[in-house]
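Asks: Kindly return the folded structure for what I paste below:
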Amino acid sequence: MAGRGRVLRMSVELPLWRALAGYRVLTALYAVGLGVTAFDHFVRPWAAVAYYAVLVVWTAVTLPRVTGAERCTRRFLAADLTVAVTGILLTPFTDDPARIAGGGPTLPSIWTAGAVLAFALKGGWRWAAIASTAVAAANLIERGAPTRDTVHNVILVWLASIAIGYVVEVARASERTLARALEIEAATRERERLARDIHDSVLQVLAMVQRRGAVIGGEAAELGRLAGEQEIALRTLVSGGLLPVSRTPLDGEPREESVPDDHGPLDLRTLLAPYAGARVSLAEPGAPVPLPPAAARELAAAVGAALDNVRAHAGENARAWILVEDEPAAIVVTVRDDGPGIPEGRLAEAEGEGRLGVAQSIRGRLRDLGGSAELISVPGQGTEVELTVPKSAEGARGKAEKR
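Replies: Numbers count the residues shown, from 1 in each chain. Next up is the predicted model:
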């Protein structure tokens, strides 16, 4: 894929660099030709001849430098611009003042534009603006006073170089987008290939273990249940989603999970994925759901507390659904179950008895994040917990780090 990216970059930029190399050679010859035809007008011809010799040698020696952005270094660009500006400022010293006042060309003539265009190809329109401004200042100093022709030429070079620099930036951005699209396409094809292979082998075996375990019963039933959870996890992975891992491994001990670092936002989906399983369904957006690390972990812990309540009060066979919604200003996670619901007044009674699962593990966490937790329960129709966290939530960072 890296090789493909390099090929794409060459296809976009290489013609521009080749055109610049050809332009520098032709304009160097053009400048020398103008010098030959105006040789009799020079008041100090030896200085003009010396500059033209330097210009020709510099153009020939530096041709490899303008074959690509990698070789066109900042030091080279500065030296190249110095050659152009020096030639402009040297013109009053070598040429007839009357000819200069009449609008005669400078010693480097239009070769100067090549130096400015190198800035545009290397660094975009901002670099082009800097280089063209330096050339404009040198032209105004050479003329002694702004004239109509001088101002016209200065503006023309300034606008042209900035426009070319902007086009180069757009082309590079498009190239990166295309390279990323090709990477995604290649990854998708590979995932589809793996999905076909896994479907023909591993998934069928897991499904068979689940069915046979349910028929045999006993310990085999538990093994079949775990196989069913892993089948769901694997199907989610090969279809392009996150890998939901069963929270209870085969040996019954809690599974150790890797903790992402705190450098930048966390994708909430990666923290909620382990909660999904045979009896817990997870519906999430196709794009990442970023939150500050502390806020993401606290929200995931609140979801875990809600699922613990489902298992404790709705029974081991109850089903639960997790819905993640990425709204413009907040992240909303809804946990719903098909249990018997919570009788009216039961939460207040539990809190009075010192059972603070909902009050602290859920509402307390959301309150620390600047969010809210709404619980809706109808007897016989299950329970729904809606957790809302603002995207700018930072309140739990310090508390989460101290735990």
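Asks: Which stretches in the stretch 151-300 of the chain count as strands?
Replies: For the stretch 151-300 of the chain, the strands defined by DSSP state E, counting those that start in this stretch occupy 266-267, 280-283, 290-291.
Asks: To residue 336, which of those lies closest?
Replies: strand 280-283 (9.7 Å; CB to CB). All C-beta atoms are positioned from the backbone trio N, CA, C, and that covers glycine.
Asks: Quick check: mean pLDDT of that closest one?
Replies: For strand 280-283, mean pLDDT rounds to 86.
Asks: Excluding its own residues, what touches it? List them.
Replies: 244, 272, 273, 275, 276, 307, 319, 320, 321, 322, 323, 324 (CB atoms under 8 Å, 6 or more residues apart in numbering).
Asks: That strand pairs with which strands, and in what direction?
Replies: strand 320-326 (parallel) (DSSP bridges).
Asks: Which residues are in contact with the nearest residue to residue 24 once chain neighbours are set aside?
Replies: Closest residue in space to residue 24, ignoring its immediate chain neighbours: residue 114 at 4.4 Å, by CB to CB, 6 or more residues apart in numbering. Counting by CB under 8 Å, 6+ apart, residue 114 touches 20, 23, 24, 27.
Asks: same thing with residue 131?
Replies: Contacts of residue 131 (CB under 8 Å, 6+ apart): 77, 81, 115, 116, 119, 120, 161.
Asks: do the same with residue 132
Replies: Neighbours of residue 132 in contact, by CB under 8 Å, 6+ apart: 116, 119, 154, 157, 158, 161, 162.
Asks: Output the contacting helices and strands for the lengthiest helix in the chain.
Replies: Looking across the chain with DSSP state H, the single longest helix is helix 148-200. Contacts defined by 3 or more CB pairs under 8 Å, 6 or more residues apart in numbering; DSSP states H and E place helix 148-200 against helix 2-37, helix 111-123, helix 125-143, helix 219-238.
Asks: cutoff 10 Å now
Replies: For helix 148-200, the helices and strands in contact under the criterion 3 or more CB pairs under 10 Å, 6 or more residues apart in numbering; DSSP states H and E are helix 2-37, helix 111-123, helix 125-143, helix 202-216, helix 219-238.
Asks: what residues are up against residue 98?
Replies: 41, 104 (CB atoms under 10 Å, 6 or more residues apart in numbering).
Asks: Does it lie in a helix or a strand, and which?
Replies: Using DSSP states H and E, residue 98 sits within helix 97-101.
Asks: Report the mean per-residue pLDDT for that helix.
Replies: 78.
Asks: on that earlier part again, export the contacts of residue 132 to CSV and tack on neighbour count and pLDDT?
Replies: Shown next, in CSV, are the contacts of residue 132 (neighbours: other CB atoms under 10 Å; pLDDT from 0 to 100):
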residue, neighbour count, pLDDT
116, 29, 89
119, 28, 90
154, 20, 72
157, 21, 77
158, 18, 75
161, 27, 79
162, 19, 82
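Asks: What residues sit buried inside stretch 377-391?
Replies: 377, 382, 383, 384, 385, 386, 387, 388, 389, 390, 391 (16 or more other CB atoms under 10 Å).
Asks: What is the end-to-end distance of it?
Replies: 27 Å (CA to CA, to the nearest Å).
Asks: swap in stretch 94-108?
Replies: End-to-end distance of stretch 94-108: 12 Å, with CA to CA as the criterion.
Asks: quick one on the thing from earlier: figure out which of the strands of the stretch 151-300 of the chain is closest to residue 315.
Replies: Once the strands of the stretch 151-300 of the chain are compared by CB to CB, strand 280-283 is nearest, at 13.6 Å.
Asks: contact partners of stretch 59-73?
Replies: 9-10, 13-14, 16-29, 31-32, 76-77, 79-80, 83, 111, 114, 117-119, 121-123, 168, 172.
Asks: For the residues you listed, which PyMOL command selects only the ones that are buried?
Replies: A single PyMOL command is used to select the members of the contacts of stretch 59-73 judged buried by 16+ other CB under 10 Å:
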select buried, resi 9+13+16+17+20+21+23+24+25+27+28+31+32+77+80+83+111+114+117+118+119+121+122+123+168
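Asks: For the residue nearest to residue 24, give its distance to residue 80.
Replies: Per CB to CB, to the nearest Å, residue 114 is found 8 Å from residue 80.
Asks: so what sits against both of the two?
Replies: 24, 59, 66.
Asks: Relative to residue 97, which of those is nearest.
Replies: The closest of the shared contacts of residue 114 and residue 80 to residue 97 turns out to be residue 59 (CB to CB; 28.1 Å).
Asks: Tally up the residues packed near the closest one, please.
Replies: 23 (other CB atoms under 10 Å).
Asks: Kindly format the C-alpha coordinates of the host helix or strand of it as CSV.
Replies: Using DSSP H and E, residue 59 falls within helix 45-61. Extracted in CSV, the C-alpha atoms of helix 45-61 (Å, rounded to 0.1, in the frame of the first residue of the first chain):
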residue,chain,number,x,y,z
PRO,A,45,29.3,44.2,-19.4
TRP,A,46,31.8,42.1,-17.4
ALA,A,47,29.4,42.1,-14.5
ALA,A,48,26.5,41.0,-16.7
VAL,A,49,28.6,38.3,-18.3
ALA,A,50,29.7,37.0,-14.9
TYR,A,51,26.0,36.9,-13.7
TYR,A,52,24.9,35.0,-16.8
ALA,A,53,27.7,32.5,-16.4
VAL,A,54,26.6,31.9,-12.8
LEU,A,55,22.9,31.7,-13.9
VAL,A,56,23.6,29.0,-16.5
VAL,A,57,25.9,26.9,-14.3
TRP,A,58,23.4,27.2,-11.4
THR,A,59,20.5,26.1,-13.6
ALA,A,60,22.4,23.1,-15.0
VAL,A,61,23.8,22.0,-11.7
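Asks: How far away from the center of its chain is that helix?
Replies: Relative to its chain's centre, helix 45-61 lies at 47 Å (CA atoms, centre = their mean, to the nearest Å).
Asks: in the stretch 201-350 of the chain, what spans have low per-residue confidence?
Replies: 201, 203-204, 234-263, 342-350 (pLDDT under 70).
Asks: Contacts only, for residue 340.
Replies: Residue 340 neighbours (CB under 10 Å, 6+ apart): 313, 314, 315, 318, 377, 378, 379, 380, 381, 382, 383.
Asks: Redo these as a markdown table? Include distance to residue 41 and secondary structure.
Replies: Converted to a markdown table, the contacts of residue 340 look like this (distance: CB to CB, whole Å; DSSP: H, G, I helix; E, B strand; the rest coil):
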| residue | distance to residue 41 | secondary structure |
| --- | --- | --- |
| 313 | 101 | helix |
| 314 | 99 | helix |
| 315 | 103 | coil |
| 318 | 98 | coil |
| 377 | 98 | strand |
| 378 | 99 | coil |
| 379 | 104 | coil |
| 380 | 104 | coil |
| 381 | 99 | coil |
| 382 | 97 | coil |
| 383 | 96 | strand |
